[in-house]
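Trainee: Requesting a structural model of the entry that follows:
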Amino acid sequence: MAKKIQKKVRLQIPAGKATPAPPTGPALGQAGIAIGDFVNKFNEETKDMGGEKVSVIISVYEDRSYDFVVKTPLASALIKKAAGVDKGSGKNLVKKAGKITKDQLKQIAEQKMKDLNANDIEAASKIIAGTARSMGIEVK
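Mentor: Numbering: from 1, shown residues only. Now for the predicted structure:
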């Protein structure tokens, strides 16, 4: 018989750099997860991702056991890295924060493909282009 999920916790944590400090520790503590155990498992699984922020979805079961799924790095972080900027524009229509090429856009879309709701790379590229546009990053 399958275990019953009691709670789902969604966090954004730098890969390989999770600590029991806020916001990770309190979120895990409220869910009844052994914080040190999760931090060690997460850091071990994500040590090869280079410290980029990743989304993690933790399923907590009634017996306080848990499973977690690590997603690909955030699209906004990948776009900022490709554009070479620290942050997006606060006023995306008026002020542009940077530029990326269509090749860079396609590479990001290929990397994010498994987490996106898209059937092909063109649709994934449009999703990533929309994220870039909302950040004030031009696609040339």
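
Trainee: From the domain annotation, what segments belong to each domain of this protein?
Mentor: The chain breaks down by automatic domain parsing into domains covering 5-72, 74-139.

Trainee: Save the ones you listed as CSV, and put in mean pLDDT too.
Mentor: Converted to CSV, the domains of the chain look like this (pLDDT from 0 to 100):
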stretch, mean pLDDT
domain 5-72, 89
domain 74-139, 90
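
Trainee: biggest helix in this structure by residues?
Mentor: When the chain is parsed with DSSP state H, its longest helix is helix 121-135.

Trainee: ok, and for that one, which residues are buried?
Mentor: Using 16 or more other Cβ atoms under 10 Å as the test for burial, helix 121-135 gives 124-125, 127-129, 131-132, 135. All C-beta spots, glycine's among them, are computed from the backbone N, C-alpha and C.

Trainee: Residues touching that helix, excluding its own?
Mentor: Contacts with helix 121-135, where a contact means Cβ atoms under 8 Å, 6 or more residues apart in numbering, come from 75-76, 79-80, 83, 88-89, 92, 97, 100, 102, 105-106, 108-110, 112-113, 116-118, 138-139.
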